[in-house]
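Undergrad: Have a look at this fold, sequence not included:
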Ligand code: 5GP
(Lines give C-alpha, C1' and ligand atoms only; values in the text may rest on other atoms or scores of the structure.)
Protein backbone atom coordinates (compact mmCIF):
# COMPACT_ATOMS: atom_id res chain seq x y z
CA UNK A 1 0.00 0.00 0.00
CA UNK A 2 1.26 3.45 -0.80
CA UNK A 3 -0.22 6.77 0.28
CA UNK A 4 -1.90 8.80 -2.47
CA UNK A 5 1.09 10.99 -3.17
CA UNK A 6 1.16 13.76 -5.75
CA UNK A 7 4.12 15.78 -4.41
CA UNK A 8 7.57 14.75 -5.56
CA UNK A 9 9.89 13.43 -2.85
CA UNK A 10 13.48 12.38 -3.47
CA UNK A 11 16.30 10.78 -1.53
CA UNK A 12 19.57 12.71 -1.91
CA UNK A 13 22.36 10.40 -3.07
CA UNK A 14 25.16 12.83 -2.21
CA UNK A 15 25.85 15.70 0.21
CA UNK A 16 25.32 19.25 -0.98
CA UNK A 17 26.70 22.42 0.55
CA UNK A 18 25.53 25.66 -1.16
CA UNK A 19 28.31 27.67 0.50
CA UNK A 20 30.87 25.57 -1.37
CA UNK A 21 29.09 25.81 -4.71
CA UNK A 22 30.35 28.80 -6.74
CA UNK A 23 27.66 28.21 -9.41
CA UNK A 24 24.62 28.74 -7.15
CA UNK A 25 22.85 32.05 -7.99
CA UNK A 26 22.56 32.96 -4.28
CA UNK A 27 24.33 30.83 -1.66
CA UNK A 28 22.16 32.19 1.18
CA UNK A 29 19.06 30.86 -0.57
CA UNK A 30 20.56 27.37 -0.90
CA UNK A 31 19.36 24.33 1.04
CA UNK A 32 22.23 22.22 2.38
CA UNK A 33 21.54 18.49 2.65
CA UNK A 34 23.24 15.21 3.49
CA UNK A 35 23.04 12.07 1.42
CA UNK A 36 20.19 9.83 2.46
CA UNK A 37 18.00 12.79 3.46
CA UNK A 38 14.49 12.95 2.02
CA UNK A 39 13.64 16.19 0.23
CA UNK A 40 10.25 17.48 -0.85
CA UNK A 41 10.58 19.19 -4.24
CA UNK A 42 8.45 22.32 -4.06
CA UNK A 43 9.24 23.78 -7.48
CA UNK A 44 11.06 22.26 -10.45
CA UNK A 45 10.14 24.73 -13.18
CA UNK A 46 13.73 25.91 -13.61
CA UNK A 47 15.94 23.49 -15.54
CA UNK A 48 18.98 24.09 -13.32
CA UNK A 49 17.73 25.05 -9.86
CA UNK A 50 14.87 23.50 -7.94
CA UNK A 51 13.28 24.60 -4.67
CA UNK A 52 13.02 22.02 -1.95
CA UNK A 53 12.27 21.44 1.74
CA UNK A 54 13.46 18.76 4.13
CA UNK A 55 10.63 16.24 4.22
CA UNK A 56 11.20 15.49 7.90
CA UNK A 57 11.24 19.17 8.83
CA UNK A 58 8.52 20.80 6.74
CA UNK A 59 8.40 23.90 8.97
CA UNK A 60 11.72 25.09 7.56
CA UNK A 61 11.74 27.41 4.53
CA UNK A 62 12.26 26.07 1.03
CA UNK A 63 15.73 26.56 -0.46
CA UNK A 64 17.54 26.20 -3.77
CA UNK A 65 19.04 22.86 -4.72
CA UNK A 66 20.72 21.85 -8.00
CA UNK A 67 18.31 20.07 -10.34
CA UNK A 68 18.79 16.45 -11.35
CA UNK A 69 19.99 17.64 -14.74
CA UNK A 70 22.54 20.06 -13.27
CA UNK A 71 23.94 17.50 -10.82
CA UNK A 72 24.30 14.89 -13.57
CA UNK A 73 26.14 17.45 -15.69
CA UNK A 74 28.46 18.23 -12.77
CA UNK A 75 29.10 14.49 -12.27
CA UNK A 76 29.97 14.07 -15.95
CA UNK A 77 32.31 17.08 -15.90
CA UNK A 78 34.02 15.66 -12.80
CA UNK A 79 34.27 12.21 -14.44
CA UNK A 80 35.94 13.56 -17.56
CA UNK A 81 38.36 15.70 -15.53
CA UNK A 82 39.86 12.58 -13.88
CA UNK A 83 42.83 10.66 -15.38
CA UNK A 84 42.31 7.03 -16.47
CA UNK A 85 43.78 4.13 -14.55
CA UNK A 86 43.42 0.37 -15.08
CA UNK A 87 40.94 -1.22 -12.77
CA UNK A 88 39.66 -4.69 -11.99
CA UNK A 89 36.05 -4.93 -10.92
CA UNK A 90 35.82 -5.65 -7.19
CA UNK A 91 33.13 -8.27 -7.71
CA UNK A 92 35.33 -10.42 -9.96
CA UNK A 93 36.50 -12.61 -7.09
CA UNK A 94 35.87 -15.82 -9.00
CA UNK A 95 39.18 -16.68 -10.72
CA UNK A 96 37.79 -17.44 -14.20
CA UNK A 97 35.84 -14.19 -14.22
CA UNK A 98 38.81 -11.94 -13.85
CA UNK A 99 39.98 -11.61 -17.44
CA UNK A 100 36.62 -10.45 -18.74
CA UNK A 101 36.25 -7.99 -15.90
CA UNK A 102 39.10 -5.65 -16.73
CA UNK A 103 37.95 -2.14 -17.35
CA UNK A 104 39.17 1.34 -16.92
CA UNK A 105 38.09 3.66 -14.25
CA UNK A 106 38.99 7.18 -13.51
CA UNK A 107 40.80 8.04 -10.32
CA UNK A 108 38.75 9.05 -7.29
CA UNK A 109 35.57 7.45 -8.58
CA UNK A 110 33.93 5.32 -5.95
CA UNK A 111 33.19 1.65 -6.48
CA UNK A 112 29.63 2.21 -7.55
CA UNK A 113 30.52 4.71 -10.19
CA UNK A 114 33.54 2.81 -11.40
CA UNK A 115 31.52 -0.35 -12.03
CA UNK A 116 30.47 1.20 -15.28
CA UNK A 117 28.44 0.16 -18.27
CA UNK A 118 31.51 -1.38 -19.95
CA UNK A 119 31.56 -4.11 -17.33
CA UNK A 120 29.77 -7.19 -18.73
CA UNK A 121 26.57 -8.17 -16.92
CA UNK A 122 27.78 -8.34 -13.30
CA UNK A 123 28.05 -4.68 -12.38
CA UNK A 124 25.69 -1.76 -12.25
CA UNK A 125 24.83 -0.42 -15.65
CA UNK A 126 24.50 3.28 -14.86
CA UNK A 127 26.24 5.94 -12.86
CA UNK A 128 24.31 6.47 -9.62
CA UNK A 129 21.57 9.09 -10.06
CA UNK A 130 21.93 12.21 -7.91
CA UNK A 131 18.38 11.92 -6.57
CA UNK A 132 16.15 8.91 -6.20
CA UNK A 133 12.41 9.42 -6.31
CA UNK A 134 10.79 7.94 -3.20
CA UNK A 135 7.30 7.28 -1.92
CA UNK A 136 5.91 6.52 1.52
CA UNK A 137 5.20 2.82 1.75
CA UNK A 138 3.12 1.16 4.45
CA UNK A 139 3.37 -2.60 4.31
CA UNK A 140 -0.05 -4.20 4.34
CA UNK A 141 -0.32 -7.18 6.75
CA UNK A 142 -0.96 -9.42 3.73
CA UNK A 143 2.23 -8.18 1.95
CA UNK A 144 5.42 -10.19 2.28
CA UNK A 145 7.84 -9.04 4.97
CA UNK A 146 10.68 -6.83 3.89
CA UNK A 147 14.13 -8.37 3.69
CA UNK A 148 16.37 -7.19 6.54
CA UNK A 149 19.95 -6.55 5.40
CA UNK A 150 22.70 -6.04 7.97
CA UNK A 151 25.90 -4.37 6.79
CA UNK A 152 28.93 -3.30 8.74
CA UNK A 153 32.67 -3.73 9.06
CA UNK A 154 34.20 -7.09 9.82
CA UNK A 155 34.48 -7.68 13.58
CA UNK A 156 31.63 -5.37 14.54
CA UNK A 157 29.51 -8.35 15.64
CA UNK A 158 26.97 -8.74 12.83
CA UNK A 159 26.91 -12.54 12.94
CA UNK A 160 26.29 -12.57 16.66
CA UNK A 161 23.60 -9.91 16.43
CA UNK A 162 21.86 -11.85 13.67
CA UNK A 163 22.10 -15.08 15.70
CA UNK A 164 20.62 -13.40 18.79
CA UNK A 165 17.87 -11.72 16.81
CA UNK A 166 16.79 -15.03 15.29
CA UNK A 167 16.94 -16.63 18.74
CA UNK A 168 14.41 -14.12 20.09
CA UNK A 169 11.76 -15.61 17.80
CA UNK A 170 12.92 -18.39 15.45
CA UNK A 171 9.38 -18.83 14.09
CA UNK A 172 9.40 -15.23 12.86
CA UNK A 173 13.07 -14.61 11.98
CA UNK A 174 15.24 -16.78 9.76
CA UNK A 175 18.37 -16.53 7.64
CA UNK A 176 18.52 -17.84 4.08
CA UNK A 177 20.09 -21.23 3.26
CA UNK A 178 23.33 -20.48 1.38
CA UNK A 179 24.59 -22.17 -1.81
CA UNK A 180 27.98 -23.85 -1.96
CA UNK A 181 30.09 -25.73 -4.48
CA UNK A 182 31.76 -27.82 -1.78
CA UNK A 183 30.89 -31.50 -1.35
CA UNK A 184 28.01 -32.40 0.93
CA UNK A 185 29.05 -34.03 4.22
CA UNK A 186 27.40 -37.29 5.34
CA UNK A 187 25.40 -35.67 8.15
CA UNK A 188 24.26 -32.68 6.07
CA UNK A 189 20.94 -32.41 4.23
CA UNK A 190 20.65 -30.64 0.90
CA UNK A 191 18.59 -27.48 1.48
CA UNK A 192 19.17 -27.46 5.25
CA UNK A 193 22.82 -26.45 5.79
CA UNK A 194 23.41 -25.51 2.14
CA UNK A 195 22.12 -25.92 -1.38
CA UNK A 196 24.90 -27.99 -2.98
CA UNK A 197 25.49 -26.95 -6.59
CA UNK A 198 28.15 -27.30 -9.30
CA UNK A 199 30.62 -24.50 -9.96
CA UNK A 200 28.92 -23.90 -13.31
CA UNK A 201 25.49 -23.46 -11.70
CA UNK A 202 26.95 -21.17 -9.06
CA UNK A 203 28.70 -18.99 -11.64
CA UNK A 204 25.49 -18.83 -13.64
CA UNK A 205 23.65 -17.50 -10.60
CA UNK A 206 26.31 -14.82 -10.21
CA UNK A 207 26.20 -13.82 -13.88
CA UNK A 208 22.42 -13.58 -13.87
CA UNK A 209 22.39 -11.39 -10.71
CA UNK A 210 20.70 -14.08 -8.64
CA UNK A 211 23.41 -14.00 -5.94
CA UNK A 212 23.12 -11.31 -3.29
CA UNK A 213 26.64 -12.04 -2.09
CA UNK A 214 29.28 -14.69 -2.54
CA UNK A 215 32.83 -15.50 -1.61
CA UNK A 216 35.50 -18.17 -1.86
CA UNK A 217 36.73 -20.27 1.04
CA UNK A 218 39.35 -23.02 0.66
CA UNK A 219 38.73 -23.25 -3.08
CA UNK A 220 34.93 -23.55 -2.79
CA UNK A 221 32.32 -20.92 -3.52
CA UNK A 222 29.69 -19.92 -0.97
CA UNK A 223 26.89 -17.39 -1.35
CA UNK A 224 23.32 -16.33 -0.65
CA UNK A 225 20.87 -16.34 -3.54
CA UNK A 226 17.83 -14.16 -4.14
CA UNK A 227 15.72 -17.33 -4.43
CA UNK A 228 16.85 -18.57 -1.01
CA UNK A 229 15.77 -15.26 0.50
CA UNK A 230 12.45 -15.42 -1.32
CA UNK A 231 11.79 -18.90 0.04
CA UNK A 232 12.00 -17.50 3.59
CA UNK A 233 9.82 -14.49 2.71
CA UNK A 234 7.25 -16.73 1.00
CA UNK A 235 6.91 -18.66 4.26
CA UNK A 236 5.73 -15.42 5.87
CA UNK A 237 8.94 -15.00 7.85
CA UNK A 238 11.36 -12.12 8.18
CA UNK A 239 14.59 -12.99 6.38
CA UNK A 240 17.79 -11.61 7.92
CA UNK A 241 20.97 -11.56 5.81
CA UNK A 242 24.32 -9.89 6.19
CA UNK A 243 25.88 -8.48 3.06
CA UNK A 244 29.01 -6.78 1.89
CA UNK A 245 27.89 -3.23 1.05
CA UNK A 246 28.52 -3.87 -2.66
CA UNK A 247 25.61 -6.35 -2.46
CA UNK A 248 23.15 -3.61 -1.46
CA UNK A 249 22.60 -2.66 -5.12
CA UNK A 250 21.74 -6.24 -6.05
CA UNK A 251 19.31 -6.54 -3.14
CA UNK A 252 17.53 -3.21 -3.77
CA UNK A 253 14.65 -4.52 -5.87
CA UNK A 254 10.89 -4.28 -5.56
CA UNK A 255 10.68 -8.03 -5.00
CA UNK A 256 12.80 -7.95 -1.81
CA UNK A 257 12.18 -4.36 -0.63
CA UNK A 258 15.22 -4.53 1.63
CA UNK A 259 15.47 -2.47 4.80
CA UNK A 260 19.15 -1.79 5.31
CA UNK A 261 20.59 -1.53 8.80
CA UNK A 262 24.16 -0.38 9.24
CA UNK A 263 25.86 -1.87 12.29
CA UNK A 264 28.29 0.76 13.40
CA UNK A 265 31.20 0.40 15.81
CA UNK A 266 31.32 2.85 18.74
CA UNK A 267 34.15 5.35 19.22
CA UNK A 268 37.72 4.06 19.46
CA UNK A 269 37.83 4.81 23.19
CA UNK A 270 34.61 2.82 23.80
CA UNK A 271 35.92 -0.01 21.65
CA UNK A 272 39.18 -0.07 23.60
CA UNK A 273 37.18 -0.55 26.77
CA UNK A 274 34.68 -3.08 25.47
CA UNK A 275 36.55 -4.97 22.74
CA UNK A 276 40.02 -5.21 24.25
CA UNK A 277 38.60 -6.43 27.53
CA UNK A 278 35.91 -8.33 25.70
CA UNK A 279 36.35 -11.38 27.87
CA UNK A 280 34.70 -9.75 30.87
CA UNK A 281 32.17 -7.57 29.09
CA UNK A 282 30.12 -10.06 27.09
CA UNK A 283 29.99 -13.76 26.51
CA UNK A 284 30.19 -13.28 22.73
CA UNK A 285 33.70 -11.93 22.64
CA UNK A 286 34.96 -14.75 24.89
CA UNK A 287 37.67 -15.94 22.53
CA UNK A 288 38.34 -12.72 20.74
CA UNK A 289 40.69 -10.03 21.88
CA UNK A 290 40.92 -7.16 19.44
CA UNK A 291 44.29 -5.52 18.95
CA UNK A 292 44.61 -1.76 18.48
CA UNK A 293 45.15 -2.22 14.72
CA UNK A 294 41.99 -4.37 14.45
CA UNK A 295 40.00 -1.57 16.07
CA UNK A 296 41.54 1.04 13.78
CA UNK A 297 40.75 -1.10 10.76
CA UNK A 298 37.17 -1.52 11.90
CA UNK A 299 36.73 2.22 12.41
CA UNK A 300 38.34 2.99 9.05
CA UNK A 301 36.23 0.42 7.24
CA UNK A 302 33.03 1.73 8.89
CA UNK A 303 33.86 5.29 7.78
CA UNK A 304 34.46 4.16 4.19
CA UNK A 305 31.19 2.22 4.15
CA UNK A 306 29.25 5.22 5.44
CA UNK A 307 30.96 7.52 2.92
CA UNK A 308 30.21 5.26 -0.02
CA UNK A 309 26.91 3.63 0.86
CA UNK A 310 25.39 5.77 3.66
CA UNK A 311 22.63 7.02 1.36
CA UNK A 312 21.15 3.52 1.33
CA UNK A 313 21.06 3.00 5.11
CA UNK A 314 17.52 3.04 6.49
CA UNK A 315 18.72 2.71 10.06
CA UNK A 316 21.99 2.80 11.98
CA UNK A 317 22.52 0.69 15.10
CA UNK A 318 25.66 1.17 17.13
CA UNK A 319 27.02 -2.03 18.59
CA UNK A 320 28.54 -0.78 21.82
CA UNK A 321 26.87 -3.10 24.27
CA UNK A 322 25.75 -6.26 22.47
CA UNK A 323 22.61 -6.52 24.58
CA UNK A 324 21.51 -2.96 23.89
CA UNK A 325 22.35 -3.29 20.20
CA UNK A 326 20.19 -6.40 20.03
CA UNK A 327 17.22 -4.56 21.58
CA UNK A 328 17.69 -1.67 19.12
CA UNK A 329 18.00 -4.09 16.23
CA UNK A 330 14.80 -5.89 17.18
CA UNK A 331 12.98 -2.57 17.41
CA UNK A 332 14.37 -1.47 14.00
CA UNK A 333 13.28 -4.74 12.40
CA UNK A 334 9.71 -4.41 13.76
CA UNK A 335 9.66 -0.75 12.71
CA UNK A 336 10.67 -1.77 9.17
CA UNK A 337 7.75 -4.17 8.87
CA UNK A 338 5.02 -2.21 10.66
CA UNK A 339 5.66 1.52 10.15
CA UNK A 340 5.48 3.59 6.93
CA UNK A 341 8.87 4.00 5.27
CA UNK A 342 10.37 5.92 2.34
CA UNK A 343 11.15 3.49 -0.48
CA UNK A 344 12.19 4.00 -4.12
CA UNK A 345 9.14 4.89 -6.23
CA UNK A 346 10.15 2.17 -8.73
CA UNK A 347 9.40 -0.49 -6.10
CA UNK A 348 5.76 0.50 -6.00
CA UNK A 349 4.74 1.89 -9.40
P1 LIG B 1 31.77 -24.87 5.88
O2 LIG B 1 32.29 -25.43 4.59
O3 LIG B 1 32.64 -25.27 7.06
O4 LIG B 1 30.31 -25.15 6.09
O5 LIG B 1 31.89 -23.24 5.76
C6 LIG B 1 33.14 -22.70 5.64
C7 LIG B 1 33.08 -21.19 5.48
O8 LIG B 1 32.34 -20.83 4.34
C9 LIG B 1 32.39 -20.41 6.57
O10 LIG B 1 33.16 -20.25 7.71
C11 LIG B 1 32.18 -19.09 5.89
O12 LIG B 1 33.38 -18.33 5.93
C13 LIG B 1 31.93 -19.50 4.46
N14 LIG B 1 30.51 -19.38 4.18
C15 LIG B 1 29.49 -20.16 4.61
N16 LIG B 1 28.31 -19.72 4.14
C17 LIG B 1 28.57 -18.61 3.42
C18 LIG B 1 27.76 -17.69 2.66
O19 LIG B 1 26.53 -17.76 2.58
N20 LIG B 1 28.42 -16.68 2.04
C21 LIG B 1 29.76 -16.54 2.11
N22 LIG B 1 30.32 -15.51 1.47
N23 LIG B 1 30.55 -17.37 2.79
C24 LIG B 1 29.97 -18.40 3.45
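TA: In hand now; what should we look at? Since this is a predicted model, take the numbers as computed values, not measurements.

Undergrad: C-alpha from now on. contacts and neighbour counts both.
TA: OK.

Undergrad: Give the helix, strand or coil label for residue 59.
TA: Using DSSP: H, G, I helix; E, B strand; the rest coil, the structure places residue 59 in coil.

Undergrad: Can you get me a residue count around it?
TA: By the measure other C-alpha atoms under 10 Å, the count of residues near residue 59 is 9.

Undergrad: how close does it sit to residue 53?
TA: 9 Å (C-alpha to C-alpha, to the nearest Å).

Undergrad: Same question for residue 153.
TA: Taking C-alpha to C-alpha, one finds residue 153 at 33 Å from residue 53.

Undergrad: would residue 222 count as being in a strand?
TA: Yes - applying three-state DSSP, one finds residue 222 inside a strand.

Undergrad: Quick one, grab the pLDDT at the closest residue in space to it that isn't next to it in sequence.
TA: Leaving aside its chain neighbours, residue 222 sits nearest to residue 180 (4.4 Å; criterion: C-alpha to C-alpha, 6 or more residues apart in numbering). Residue 180 carries a pLDDT value of 97.

Undergrad: Past the host helix or strand of residue 163, which element shows up next along the chain?
TA: Secondary-structure assignment from DSSP states H and E places residue 163 in helix 158-168. Proceeding N to C from helix 158-168, the next assigned helix or strand is strand 173-174, under DSSP H and E.

Undergrad: helices or strands up against the helix or strand that contains residue 206?
TA: Assessed by DSSP H and E, residue 206 sits inside helix 199-207. Helix 199-207 makes packing contacts with strand 220-225 when contacts are defined by 3 or more C-alpha pairs under 8 Å, 6 or more residues apart in numbering; DSSP states H and E.

Undergrad: Would you mark the buried spots in the strand it packs on?
TA: 221, 222, 223, 224, 225 (16 or more other C-alpha atoms under 10 Å).

Undergrad: which neighbours does that strand have in its sheet, and in what orientation?
TA: Its sheet considered, strand 220-225 pairs with strand 179-180 (antiparallel), strand 211-217 (antiparallel) by DSSP bridges.

Undergrad: how close does the most centrally placed residue in the chain sit to residue 191?
TA: The centre of the chain sits closest to residue 248, judged by C-alpha atoms, centre = their mean, with a distance of 3.8 Å. Separation of residue 248 from residue 191 (C-alpha to C-alpha) stands at 24 Å.

Undergrad: Residue 27 now?
TA: 59 Å.

Undergrad: the more surrounded of these two?
TA: residue 27 (17 against 13).

Undergrad: same for the helix holding residue 163, what does it pack against?
TA: strand 173-174, strand 238-242, helix 322-338.

Undergrad: Residues touching the longest one, excluding its own?
TA: Which is helix 322-338. Residues from elsewhere that reach helix 322-338, judged by C-alpha atoms under 8 Å, 6 or more residues apart in numbering: 138-139, 145-146, 148, 161, 164-165, 259, 282, 315, 317-319.

Undergrad: Pick the one among these closest to residue 187.
TA: Comparing the contacts of helix 322-338 against residue 187 with C-alpha to C-alpha places residue 164 closest, at 25.1 Å.

Undergrad: sorry, back to before: so for residue 340, which of the strands paired with strand 220-225 sits nearest?
TA: Among those, strand 211-217 sits nearest to residue 340 (C-alpha to C-alpha), with 25.3 Å.

Undergrad: Now do the buried residues in that closest one.
TA: Buried residues in strand 211-217, counted by 16+ other C-alpha under 10 Å: 211, 212, 213, 214.

Undergrad: still on that earlier bit, is any residue of the helix holding residue 163 near the ligand?
TA: No - using C-alpha under 6 Å from any ligand atom, helix 158-168 stays clear of the ligand, coming no nearer than 11.0 Å.

Undergrad: do you know how far residue 41 is from the ligand?
TA: 40 Å (C-alpha to the nearest ligand atom, to the nearest Å).

Undergrad: Ok, residue 24 next?
TA: Residue 24 is 45 Å from the ligand, by C-alpha to the nearest ligand atom.

Undergrad: again with residue 32
TA: 39 Å.

Undergrad: isn't residue 51 right up against residue 42?
TA: Yes - taking C-alpha atoms under 8 Å as the definition, residue 51 is a contact partner of residue 42 at 5.4 Å.

Undergrad: tilt between the helix holding residue 206 and strand 211-217?
TA: On the basis of axes from the mean of the first three to the mean of the last three C-alpha atoms, to 10 degrees, helix 199-207 is oriented at 130 degrees to strand 211-217.

Undergrad: Could you check helix 199-207 and say which residues are buried?
TA: 202, 203, 205, 206.

Undergrad: How much space separates residue 10 from residue 71?
TA: 14 Å.

Undergrad: hmm, back to that, show the overlap between the buried residues of strand 220-225 and what lies near the ligand.
TA: 222, 223, 224.

Undergrad: partner residues bridging the second one?
TA: For residue 223, the beta-bridge assignment (DSSP bridges) gives partners residue 179, residue 214.

Undergrad: so who does it touch?
TA: Residue 223 neighbours (C-alpha under 8 Å, 6+ apart): 178, 179, 180, 211, 212, 213, 214, 215.
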